[in-house]
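Trainee: Structure of the sequence below:
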Amino acid sequence: MGNAEAGSKSVIYLPMSEEKKNSDAGLLKEMDRTAKLLVRRDLELRRVNEELDEKIKILEADEIRLHEMNEILEIRLRARTRQLTENINDLDRQVKERTQNIEDSKKALSDALKNVSKEKNLAEEEKEKTLSIIRNFSDGLLIFDVNDVLIGINPKAEEYLNVKAVDVEGIDAAQLSSVAELVSLFAIIGADMRDMSRKEFEIGKNFIMEVSVISTNYKQEQSGKFIILHDVTREKTVEKSKSEFVSIAAHQLRTPLTSIKWILTSLLDGDFGEMSAEQREYLQKTNSSNERMINLVDDLLNLSRIEEGRYIQFKDYVSLEELVEKNIENLQIKLNKKKLGLSFEKTENIPQVLADKEKINLVVQNLLENAANYSLGGGKVVVALKEDKEKNEVIFQVRDSGIGIADDQKARIFTKFFRAKNAVQSETAGSGLGLFINKNIVEAHGGRIWFESEKDKGTTFFFALPLKKKGESESEL
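Mentor: Numbering: from 1, shown residues only. Here you go, the predicted model:
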């Protein structure tokens, strides 16, 4: 401001007043301050611009990163969308399949329910039929569950035992055994009700029952038990009458047969003079037939005594060894005639047995004669006698080399009047009572009898008798 502008004009400077000077100075200060402020503002603006530029750069970088991330996210989104679409399609397919399966299952269940309903109706019908059979069963029937609790009793059993179903059903065997009307029944079968077949017992006067206990199984496990009561009163009455008739007939036959035997023996011994060879031959045949008749009568008498329970009468200590040796000696003629060998095997110091000597001798004789009769010529009979200390008994056995016994006939060997087919063909003589009598004799002594056989290869018969020390009660046998 103090410099003059170049040109033709001249400027005249007039002296400033003090107030003007002060005003200009103030203005200059204000202008300076404003200039400084503007500079500061310019600096601040530059700094702000720089910061904005940095932020813009950062934002641009962030934009680039965001753009890149956006692309990555879009790729991932498309992949996830595709996966979700596939999953949705798969789920849809599974839903359709599951729906179809449910429909199929629903149909199958419906069919099954129809079948179950049908089977249930059939089961109900079968149950009614079974109950009807049980109710109308001709024998008495008691049904127990697996815990031995009575769950059913038919009218026939109620009649036989004089009880009512409502009074005994739901009670276990242990409690039933003390019921007055059932005492005689459980005395036979026991509270444990073990399996048994056709045991006899009496109810009241002249009322004889046959009881059997049968276990029932389901899937190889016991599921319960049946007690079957069969009325055998009539059969026993008929059997008793038959036995009495047989006994009377046998007694009546024995006397004339013995007389015939005495006369035939006298004739054969020449007491009535000499006879021709032809006469002797016929008399010997007649004597043999008479002997068979006497043996049959003796068997019938023994059978009658067995059935009447009075067969075993006199017991004493008997040496089985001596009985066997004596019978072997008596059998020697027949053995020689058939050219049969015989061996007797025995252990030392065999104890005596408490037995009816005559009846046990009959058993030994019968078994030895059977072995000789049914052995083939030129064979061998093996007899053995031994003591079984572990079982405290004496065991007799005789093995033949004969025709044997067929498997389908073994179960009937010890029954009355039974003879195996091959035995009848081999030896026509015989009553079919010998083994039945043997079994009853042995069992009456508390023993047991059995056999082993193979058809066409021979048979071995055994019997065992219990040992008792002298002085011990006979009733303990």
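
Trainee: going forward, measure contacts between C-alpha atoms and count neighbours the same way
Mentor: Noted.

Trainee: just for this protein, where's the confidence low?
Mentor: Filtered on pLDDT under 70, the chain yields the residue ranges 1-20, 204-205, 239-240, 242-247, 249-251, 303-313, 422, 424-431, 469-477.

Trainee: care to break it down by domain?
Mentor: Per automatic domain parsing, the structural domains of the chain span 28-133, 137-231, 236-307, 316-476.

Trainee: Which parts of the chain are helices?
Mentor: Assigned by DSSP state H, the chain shows helices spanning 18-135, 155-161, 165-168, 173-176, 183-189, 233-268, 277-307, 320-337, 357-374, 421-426, 434-444.

Trainee: Spit out the contact partners of residue 210.
Mentor: Counting by Cα atoms under 8 Å, 6 or more residues apart in numbering, residue 210 makes contact with 198-201, 229-232.

Trainee: repeat for residue 436
Mentor: 413-416.

Trainee: among those, who's most crowded?
Mentor: Using other Cα atoms under 10 Å as the neighbour criterion, residue 414 leads the contacts of residue 436 with 20 neighbours.

Trainee: Can you pull the phi/psi pair for it?
Mentor: phi -100, psi 10 (degrees, to the nearest 10).

Trainee: what's the answer for residue 171, then?
Mentor: Main-chain dihedrals, residue 171, degrees, to the nearest 10: phi -110, psi 140.

Trainee: Make TSV out of the contacts of residue 210 and add distance to residue 33 and neighbour count.
Mentor: Converted to TSV, the contacts of residue 210 look like this (distance: Cα to Cα, whole Å; neighbours: other Cα atoms under 10 Å):
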residue	distance to residue 33	neighbour count
198	142	13
199	143	14
200	146	16
201	146	16
229	140	25
230	143	21
231	146	18
232	149	15
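
Trainee: for those, which one is nearest residue 119?
Mentor: Closest to residue 119 out of the contacts of residue 210 is residue 229 (32.8 Å), distances taken as Cα to Cα.

Trainee: Which strand residues bridge the closest one?
Mentor: residue 140, residue 211 (DSSP bridges).

Trainee: Return the residues in contact with it.
Mentor: By Cα under 8 Å, 6+ apart, the neighbours of residue 229 are 139-141, 157, 209-212.

Trainee: ok, residue 237 - how many residues close by?
Mentor: When neighbours are counted by other Cα under 10 Å, residue 237 comes out with 13.

Trainee: ditto for residue 455
Mentor: Counted with other Cα under 10 Å, residue 455 comes out at 13.

Trainee: pretty sure it contacts residue 401?
Mentor: No - under the criterion of Cα atoms under 8 Å, residue 455 makes no contact with residue 401, lying 10.5 Å away.

Trainee: Columns distance to residue 392 on top of the contacts of residue 210, output as JSON lines?
Mentor: Output for the contacts of residue 210, formatted as JSON lines (distance: Cα to Cα, whole Å):
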{"residue": "198", "distance to residue 392": "29"}
{"residue": "199", "distance to residue 392": "27"}
{"residue": "200", "distance to residue 392": "29"}
{"residue": "201", "distance to residue 392": "31"}
{"residue": "229", "distance to residue 392": "36"}
{"residue": "230", "distance to residue 392": "37"}
{"residue": "231", "distance to residue 392": "39"}
{"residue": "232", "distance to residue 392": "37"}
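
Trainee: between the helices of the chain, which gets nearest to residue 385?
Mentor: Ranking these by proximity to residue 385 (Cα to Cα) places helix 320-337 first, at 7.3 Å.

Trainee: follow-up on the earlier one: so can I have TSV of the domains of the chain showing distance to residue 22?
Mentor: What follows is the domains of the chain, written out as TSV (distance: least, Cα to Cα, whole Å):
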stretch	distance to residue 22
domain 28-133	10
domain 137-231	133
domain 236-307	169
domain 316-476	156
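
Trainee: Nearest to residue 21, out of these?
Mentor: For these, the distance to residue 21 is smallest for domain 28-133, at 10.4 Å, taking Cα to Cα.

Trainee: Please export the C-alpha coordinates of stretch 84-101 as CSV.
Mentor: Extracted in CSV, the C-alpha atoms of stretch 84-101 (Å, rounded to 0.1, in the frame of the first residue of the first chain):
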residue,chain,number,x,y,z
LEU,A,84,-30.4,-77.3,-0.8
THR,A,85,-32.3,-77.9,-4.0
GLU,A,86,-30.8,-81.3,-4.3
ASN,A,87,-31.5,-82.0,-0.6
ILE,A,88,-35.1,-80.8,-1.0
ASN,A,89,-35.5,-83.0,-4.1
ASP,A,90,-34.0,-85.9,-2.1
LEU,A,91,-36.2,-85.2,0.9
ASP,A,92,-39.2,-84.9,-1.4
ARG,A,93,-38.2,-88.3,-2.9
GLN,A,94,-37.8,-89.8,0.6
VAL,A,95,-41.0,-88.3,1.7
LYS,A,96,-42.8,-89.8,-1.3
GLU,A,97,-41.1,-93.2,-0.7
ARG,A,98,-41.8,-93.0,3.1
THR,A,99,-45.4,-92.0,2.3
GLN,A,100,-45.6,-95.0,-0.1
ASN,A,101,-44.1,-97.2,2.6
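
Trainee: And the contacts of it?
Mentor: Stretch 84-101 has contacts (Cα under 8 Å, 6+ apart) with no other residue.

Trainee: List the buried residues of it.
Mentor: For stretch 84-101, the neighbour count (16 or more other Cα atoms under 10 Å) marks no residue as buried.

Trainee: which residues of the stretch 351-477 of the chain fall in strands?
Mentor: 353-355, 380-388, 393-399, 448-454, 458-466 (DSSP state E, counting those that start in this stretch).
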